[in-house]
Every structure is written in C-alpha cells, then in structure tokens.
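Asker: this one's structure only:
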C-alpha cells in the first residue's frame, strides 16, 4: 500500500512558483479537498468542545441506541456516543498521520540533502538503506514492532514514518543531485557562501513544493495503515479511533450497519481529499513548467497574413516530363486548440512532384514545411489535421482516405526519412527487426527472405558490416549510421515517393555530404519522386530539380531550381540566398573530403 | 549481464542479512523480559528464570543470535513458543493461501492496469477521464474498506460469493477461485490505480517519441505500433512500480486474510504478534523479506530483457 505514487514523483522536479496557494484555491477540486481537510483538522482540534459526550463513557442503557437528540449519530455496542467517538477519532487519526509525515520528512529530507549534496559513502549507504526500507512490507514490520513494543498508536506511526522516509529521501536526493552542479550553485560556492546557506537558499526551495505533494500522499497512506491495524484489533483499544469504531461496527454489522458508515466515510473522504489535494498541487507545479512553452509555440505571431500571390517561375523551354506523382493543392493544416478554435500552421500550400523529380521545400523553422510533409503521410501530431485543400497521390486524394487505407500506402508507396536519426529508431528492438517487420508486411515474404533483403539494403546504403549492424541495437551505432539505417528502411519496399525531412540537419558536418550523395544516388537508381525538406539552399542546389520557398505557412515562390537561383523574386528568397553564400563555401570543401571519412563512420561506435 | 545478476544477488543477500540482524536485535532486546511476558505477572521469579533457561534466553545475546543464525542457515527457524510447531512448518503450510492472494492480485493488477493504461493513453477522451477518476478512488480508499464494501455487496447482499473461508485448489479449483475472488479484487485495487497511472503516463511519453512516427511511416498497423513497440518501451517504469507494490501487497494480505478468515500467513502474523511469539514473528519477517527480494531480482532480470541498454552495458 506504500510506494507507487511515490515513484511517480521521483522524476524531474518542477520548480515551485509564488502564489501556489492562490492557484490551488482557484482549482475547484483542490480548493474543495483543502476545505474539507481544514474542516477535519478543526474538528479534531476542537473535539473536546464539540463532542456531546465523553467518547469512552459506556452506558448499558444506550447499547446500539438509534439516532436521537442525545446521540445525534446513535451509540455503539458499548453504549458510547458515536459522534463523540468520531470527533475524537478524527483527532487521533490526523495526529497519527501528522506524526508519521513529520518523522518521514525529517529523516528523508535531511538524509536526502546530505547524500545528494555531499555524496561519498553516505550517499551509497543511504541509497541502500532506502532500498532496504522499501523492500520491507510495512504491515509486517508494524506487526513485529507491536509484538515487542505494545499497541501504541504513536510508536506505530513513528515506525511507519521511518518506513516511509525513502519517499522523501528519493525526492530530495533526485532534486539535489540535479541542482548541485547547476551554475548558480557553483557561483554561490565561488562567492564563498556557506554550504548551509546554499542548501537553505537554493536547494530547499526547489524541493519545498514537491515535498508538500509527497506529504499529502504519505498522510493518506498513514491513515489507511493506522485504521487498518485498529480495525484488526491490533491498535490501542483504549483510544477512540476510526479504526476501532470500524472494528466495533463490523462485529455488529447485522444489528446496526450504520455504525460502519461513519468511520468509513471519515477514512475514505480524508484519504480521497489528500490524494486530490496532492494531484491538484502537482498539476499546479507542472502547469507552471509547461505554460511558458505553450505560449512560445510558433504560429501565434502570424496574425498579419500576406495574401500576395505565389511567385511562380515558368519552366524553361520544354515542358516538364514524367507523370505527376503528387499534387498538393491549396493545402491548409490546422491544430485544434483547447478553446475550440483551430490554429492554422499551413495555409494554401500547392506543389507538384513528378516521378524521378526532387522537389525542395525550403524555409526557416516553423514555416510549415514539416507540417506539409507530415500531412501527406497522415502523420500529423495529435490535434493536427488537414483543414482544407487536397493531396492527390497517383490519382487518389489522400485527404479523403481513412487511416487503414493510408497505412497501406505508407512505407510501400510513400516513404519517410526523418530528421533526427537517433531518436527515430525504437531503442528496444534490434535494427534488423525494425527493418524486417515492414518488409514482411508489405512484400508478403518470409522472415528469412526479409532478412536477406534487409542485409542487402544495409549494404546498399553504404554500411560496411551489414550483419553486425543488423544485430545491433540503436544505441550501439553512430548518428550517421542510424541515418543510413533509416534511409534503408524508407526505401526497403521501393516506394514511388520519398519524403525526406531535413535528413542531414542533425548529422555531423562531415557526414552530411555522404548522406546527401546517398539519397541522390538512390533517388536516381529507383527513379523515385522526392520531397526534400530543408532550410539550406546549398542542399537545394546540390540535389533538387524544383524548389518551393515556404514562409509563415505559405509558399511564396516556386519554380525550377535554375530559374529561382538565377532570378529570385521574393525578398524572403533573396534573404535566404544571402545566407547560403556563407554556407556554400564549407559545403563544397566537404564534398571533396567525403571519401576518407566514410571508413571511420562505418565502424561500430 | 552476468556481473549485473551477481551484483544484485549479493545486494539481496546483504539485505536479508541486515534484516535478520536488525530484526533479531529489535525483537529479542526490545521485547524486555520475554519469559516474564510469557508467563504473566503471577509467575514466581524462579519459574521465570526456569523458562528463560528453557528458551536459552539466559545466554549472551551474541551466542543466542549465532545459534539462531546457524539453525536458520539450515532452514530451521526454531519453534513457536505457544504451539511448539516448527516455524518453517507454520509458515509453509499457510504460504499457499497467501501466495494465491498475492500472486493473483499481482497478475490481476498487471493485466487490468495494462489494458486500462493503454486504453487511457491511446483513446484519451472519456475513457481517460474515467481511468483518472478510478485511479484517484483506488489509490485513496484503503484496501480493507474496499473489502468491506465487497463483502457487503457480493457476499452478504447477493450471496454470489461466500463471505469467508478458503477452499484448497487441489480439492476444488472452482471453489478455490470463488474463495479468493473477492479478496484478490480488494487487494488489487490500490495497485491497479497506481500501475494504471504509470502505464498511462509512460505510454503517453512513448507515443510522443519520434520513432513512433517513423514506425507508422513504414505502414505498420496501429496495433503493432502500440502493443509491440510503444508498450514494450513503456513497460519498464510500470514494472518498477508493480515491484514496489508487491511489498505492499504482502502487508495488505495480512488485513485481507483477517477480513475473509483465510488461513494464510497473515493470520499467523496477527496471532503471533498478539501473543508475542517471537520466533514465529522473526520467521515471518524474514520470509516476507526474502519473497520481496526474490521478486525484485526477477523484476531486474525482466528489466534487462526489456531494456537492451541495461542488458548490454
């Protein structure tokens, strides 16, 4: 009954911000939970004033008395007043829980600080002890302690606090080790500020709020355990507690089922309030961590829409050859917002890709080029969808197809090469199995045939030892190799159209030229159509037949690469050109040096 | 990998040793005058001394512990002071009941949380909100209250199940299943709430990873992407939570066994505790610790299988 919620919290710790209480009160569940808990605390504190009777005074005349003016909630099997016992029970349950929290927090926070801040042998010892305490079944330890120490609620809760101290230890330890080497802590140390002050000013403040969340959870668990023990008759029977009331109620369940209701309500509502309070606190803390990022998302600033027509360069003399493979017309992509509106990130994008042609899609980050690429494959992130226009592939409008039909095209007819090679391979599977699975699916071949094909593909994309890479896991290969693997995966079923989303951006400069050469070779050999998303005009010049310049979700200029390079019309295109004049020089030099580097890159890391 | 297993084994043995020493010291020293407690206030000093000698309590503590540990290594944890039954027998005969409960609850927790967590993460919407709501309830309401509710509703209210008692699996599998159904449900709910949350969170994290988009771009059906790839990557953290929960289940079983009058280890634990039957209590503490540490070892091995980085480094 311990631990799990605790683990969930042990991860990265959000920073607290001022006004947590105010935001808690603005959250309806959080405010209600807090109000209920405050009410319970007051009831416990003022129990002697509120209770109509002494909670332990038995009266033979009142055994199992029904609800009356003398006994607002009736009387129990010994004729004791239920309301009075309930009020005093609140007192003992909350005080016991508070004791457990205090012990757990005192031990956990201080040892977490010392272990995290000073480390060394204390670190190893306390981590091991925390593991030990967490592998002990709390209930059994409490029973053992009771066997020798007797049934004292305060002793039980102290021991339980020790058992639960790893919850605080792990939390504080994780935060301290994360903060310890931050620059501002180093700076404080350089300025000669004492460790005690650094801990107080910079470290305790980080763990304050998550520790509060943890305290609420620990309190709930303590109340549950404590009343469980008392319910079993293992508590201190002289004290009026919720657990002993349950015990009495259970014994008389047939005579007076209501006796069980009140303590059950007390326990359940208090525990639920504590969990809700913890959840609300956590939401608030994590909310502060995510709110600024949302505001910074691109697209919001795009209120002034340029409605200029697309600057289209005419094709030189002869008309273009090759069938039209993909025709995107007036595509608009939008994201559903929480308030019900749709934020458009691509507006009125049109482009055509012919078989055997490379179409460059260029623009700065956030211009909508990746969104355009994803919408062709129906791979937009959650909330994103095509809100207008059409994407016609080989005569079929993809925007009208369902997920099933599109997934039959994906990988087989239209393939995708992502930007970040390392994060695009599933870390839990070997490279080979990730290649084999789609081949078996699309080409309907046996596993051994698929394996042979995957090995050939690995060789084709320039991997020196295909067998070894086939058996490797993604973390065992370099970024350049991973990108080759991803390219091998994309072309494994000989697609008609390849969409490459900045395929070289994340790679070392030394590897970029090789990967671009590889893509160009494959595209020519297999006579594929290709969309190449990039922000680099040098890449466009190297590889593309046509280019579309994208800005703020619109295509501003499009045409054959030669014409666009010769006479850029849009001021934005011209500004991009100014940028490549600086870029082109090193890239050309690299292309010359590409040969020798290949060997080093092919080896396993 | 082998080094990893050896290191975990040694750490586990060190933990068991630490628990044995600590438990022994606390139980035998913390217990005060054990012979006096056993015989009651009316016994004469002579009989108390006689009893202490009988139990070997008049020897130096280190000798007592060495004696106990020596026997314990050979699987002899002494005998109950009250029934005279060997501790090993007392625990082993009841272990099947407790393991039925705890392993049943672990299984139910794993299966139900996986289904709920995957549904909540992939469907979102009302399924997600319902799971969230149930999670709050499940993690907040103590297991024994849930058990009370179940007994009232399904045993006393509708008579679908017997409210108390245990049927051996060997005598009637159906009866066995019926006798542990309500206890297992009561025991599982808290774990289901916590593990569902964990799986949901880990699935949502994993679904956002780039490789999921790339797998989809290869045309793999959603079922394969979610169940084969995403779930496998999300399973590690969820398994850690399930392992931590196992210790809680053993403790929870003590309460649940009392409520349903199941003759398990928990029942022994409660009587031994009340009587101050220290050899039996000591045996129980060790038995549960060994179970938990063994389970953690298995979980570590499964983690290694799930996570190639851990296995290969």
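Answerer: Thanks, I have it. Everything numeric in this text was worked out from a predicted model, so none of it was measured.
Asker: for residue 140, what are its contacts?
Answerer: Since you didn't name a chain, this refers to chain A. B:250, B:251, B:254, B:269, B:284, B:285, B:288 (Cβ atoms under 8 Å, 6 or more residues apart in numbering or on different chains). For every residue, glycine as well, the C-beta is placed using N, CA and C.
Asker: not quite, go with chain B.
Answerer: So, once contact is read as Cβ under 8 Å, 6+ apart, residue B:140 ends up touching A:220, A:268, A:271, A:272, A:274, A:275, A:276.
Asker: of these, list those near chain B.
Answerer: A:220, A:268, A:271, A:272, A:274, A:275, A:276 (Cβ under 8 Å from any Cβ of the partner chain).
Asker: what strand or helix carries the residue in chain A that chain B sits nearest to?
Answerer: Chain B sits closest to residue A:139 of chain A, with a gap of 2.8 Å, by Cβ to the nearest Cβ. Residue A:139 is part of helix A:138-149, with elements assigned from DSSP states H and E.
Asker: could you point out which element follows that helix?
Answerer: That would be, after helix A:138-149 and using DSSP H and E, helix A:153-180.
Asker: what residues of that next one count as buried?
Answerer: Of the residues in helix A:153-180, A:153, A:155-176, A:179-180 count as buried by neighbour count, 16 or more other Cβ atoms under 10 Å in any protein chain shown.
Asker: what's the answer for stretch A:122-137, then?
Answerer: In stretch A:122-137, counting by 16+ other Cβ under 10 Å, buried: A:123, A:126, A:127, A:129, A:130, A:132, A:133, A:134, A:135, A:136, A:137.
Asker: generate JSON lines for the residues you listed, with distance to chain B as supplementary columns.
Answerer: Output for those, formatted as JSON lines (distance: Cβ to the nearest Cβ, whole Å):
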{"residue": "A:123", "distance to chain B": "15"}
{"residue": "A:126", "distance to chain B": "14"}
{"residue": "A:127", "distance to chain B": "11"}
{"residue": "A:129", "distance to chain B": "9"}
{"residue": "A:130", "distance to chain B": "12"}
{"residue": "A:132", "distance to chain B": "5"}
{"residue": "A:133", "distance to chain B": "10"}
{"residue": "A:134", "distance to chain B": "6"}
{"residue": "A:135", "distance to chain B": "5"}
{"residue": "A:136", "distance to chain B": "6"}
{"residue": "A:137", "distance to chain B": "4"}
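Asker: which intervals of chain B have sub-threshold pLDDT?
Answerer: Residues of chain B meeting the criterion pLDDT under 70: B:30-33, B:313.
Asker: how about a cut-off of 90?
Answerer: B:1-85, B:90-97, B:99-100, B:120-182, B:189-209, B:219, B:221-224, B:228, B:233-313 (pLDDT under 90).
Asker: which parts of it are helices?
Answerer: B:2-30, B:34-39, B:45-54, B:61-73, B:87-123, B:125-140, B:143-150, B:173-207, B:210-217, B:222-223, B:231-259, B:265-275, B:278-306, B:308-312 (DSSP state H).
Asker: could you dump these into TSV and include distance to residue B:80?
Answerer: Formatted as TSV, those follow (distance: least, Cβ to Cβ, whole Å):
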stretch	distance to residue B:80
helix B:2-30	14
helix B:34-39	12
helix B:45-54	14
helix B:61-73	14
helix B:87-123	6
helix B:125-140	37
helix B:143-150	27
helix B:173-207	25
helix B:210-217	57
helix B:222-223	55
helix B:231-259	18
helix B:265-275	7
helix B:278-306	5
helix B:308-312	43
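Asker: next, residue A:548: secondary structure please.
Answerer: strand (DSSP: H, G, I helix; E, B strand; the rest coil).
Asker: mind listing which of the ones next to chain B among the contacts of residue B:140 are in helices?
Answerer: Within the ones next to chain B among the contacts of residue B:140, residues falling in helices by DSSP H are A:220, A:268, A:271, A:272, A:274, A:275, A:276.
Asker: which residues of the stretch 151-300 of chain A lie near chain B?
Answerer: A:220, A:223-225, A:227-228, A:231-232, A:234, A:246, A:250, A:253, A:257, A:260, A:264, A:267-268, A:271-272, A:274-276, A:279.
Asker: before we move on, the earlier item: so which of the contacts of residue A:140 reach chain A?
Answerer: With Cβ under 8 Å from any Cβ as the criterion, the contacts of residue A:140 include B:250, B:251, B:254, B:269, B:284, B:285, B:288 near chain A.
Asker: what is the nearest of these to chain A?
Answerer: Once Cβ to the nearest Cβ is applied, the member of these that ends up nearest chain A is residue B:251, at 2.8 Å.
Asker: who are the contact partners of that closest one?
Answerer: By Cβ under 8 Å, 6+ apart, the residues touching residue B:251 are A:1, A:137, A:138, A:139, A:140.
Asker: hang on, residue A:419 in a strand?
Answerer: No: Residue A:419 sits outside any strand when classified using three-state DSSP, being coil.
Asker: ok, for it, nearest residue in space, not its chain neighbours?
Answerer: residue A:502 (4.4 Å; Cβ to Cβ, 6 or more residues apart in numbering or on different chains).
Asker: give me phi/psi at the one you found?
Answerer: phi 40, psi 60 (degrees, to the nearest 10).
Asker: next structured bit after the helix or strand bottoming out on mean pLDDT in chain A?
Answerer: Least confident helix or strand of chain A, by mean pLDDT, DSSP states H and E, is helix A:4-9 with a mean of 39. As assigned by DSSP H and E, the chain's next helix or strand after helix A:4-9 is helix A:20-26.
Asker: show me what secondary structure element comes after that next one.
Answerer: Per DSSP H and E, the first helix or strand lying C-terminal to helix A:20-26 is helix A:28-45.
Asker: that next one versus helix B:125-140: what angle between them?
Answerer: 20 degrees (axes from the mean of the first three to the mean of the last three Cα atoms, to 10 degrees).
Asker: what helices or strands is helix A:28-45 leaning on?
Answerer: helix A:20-26, helix A:82-118, helix A:258-295 (3 or more Cβ pairs under 8 Å, 6 or more residues apart in numbering or on different chains; DSSP states H and E).
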